[in-house]
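[1] A predicted structure for the sequence below; I have some questions about it.
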Amino acid sequence: MQTSKHICRTRAVVAALISIISSGGAALAADAVSVSNPWVRATVPGQSVAGAYMDITAKARTALVAVESPVAGNAELHTMTMDGGVMKMRPLEKLELPANKTVNLKPGGYHVMLIDIKRELKAGERVPLTLTLQDQKGGKSTLQLDAEVRAAAAGGHMQH
Ligand SMILES: [Cu+2]
């Protein structure tokens, strides 16, 4: 299966980066977190926002507090809620990651909104994302990953 190969390679990259970041020795929030299947929706010329999605599993309670990418001027954490029968997006200050429970960021649910995208994101390319994670004592650390750009079917994510 094509996707499983992709996931394995991503895990290997994430593991390598974690070992570099955590070489200081102290327990960091990023050590407790693994990310699989990160992807970003492809854009068309002139489109300035795109959703980024992934599955995040934390071994200890952690929170995702910020996301950055060099391809976007800004990024926000969003949730989708029903409001009078209409799906609406709402910014989240942080996304709680309970221990040992995978949190799925996916179209129609939690997602990262890349905002002020500087160029077209083409299917098949890879986009770096930096996640800032916060542990229960407030300590922050970062996790870097490469997300694959995918041309997913339209309609899964509303425009802002
Ligand atoms: Cu959004």
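    Yep, it's here.

[2] neighbouring strands - and their directions - for the helix or strand hosting A66?
    Per DSSP states H and E: A66 is located in strand 62-68. The pairing partners recorded for strand 62-68 under DSSP bridges are strand 95-97 (antiparallel), strand 126-134 (antiparallel).

[3] hang on, Y53 in a helix?
    No - Y53 is assigned strand when assessed by DSSP: H, G, I helix; E, B strand; the rest coil, not a helix.

[4] spatially nearest residue to it, not counting backbone neighbours?
    With sequence-adjacent residues excluded and distances taken as C-beta to C-beta, 6 or more residues apart in numbering, Y53 is closest to L105, at 4.7 Å. (C-beta placed from N, C-alpha, C; glycine too.)

[5] mind listing the residues bridging to the one you found?
    Beta-bridge partners, per DSSP bridges, of L105: M54.

[6] that one is in contact with R41, isn't it?
    No - contact criterion C-beta atoms under 8 Å: L105 and R41 do not qualify, at 11.8 Å.

[7] please identify every residue contacting each of the two.
    Residues touching both L105 and R41 by C-beta atoms under 8 Å, 6 or more residues apart in numbering: 52-53.

[8] may I see the buried residues of stretch 37-46?
    Judged by neighbour count (16 or more other C-beta atoms under 10 Å), stretch 37-46 contains these buried residues: 37-43.

[9] could I get the residues you listed as TSV with secondary structure, distance to the ion and pLDDT?
    Formatted as TSV, the buried residues of stretch 37-46 follow (DSSP: H, G, I helix; E, B strand; the rest coil; distance: C-beta to the ion, whole Å; pLDDT from 0 to 100):
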residue	secondary structure	distance to the ion	pLDDT
N37	strand	19	96
P38	strand	16	97
W39	strand	15	97
V40	strand	13	97
R41	strand	11	97
A42	coil	16	97
T43	coil	14	96
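
[10] tell me what L131 is bridged to.
    Beta-bridge partners of L131, as defined by DSSP bridges: V67, L143.

[11] what count of nearby residues applies to K106?
    17 (other C-beta atoms under 10 Å).
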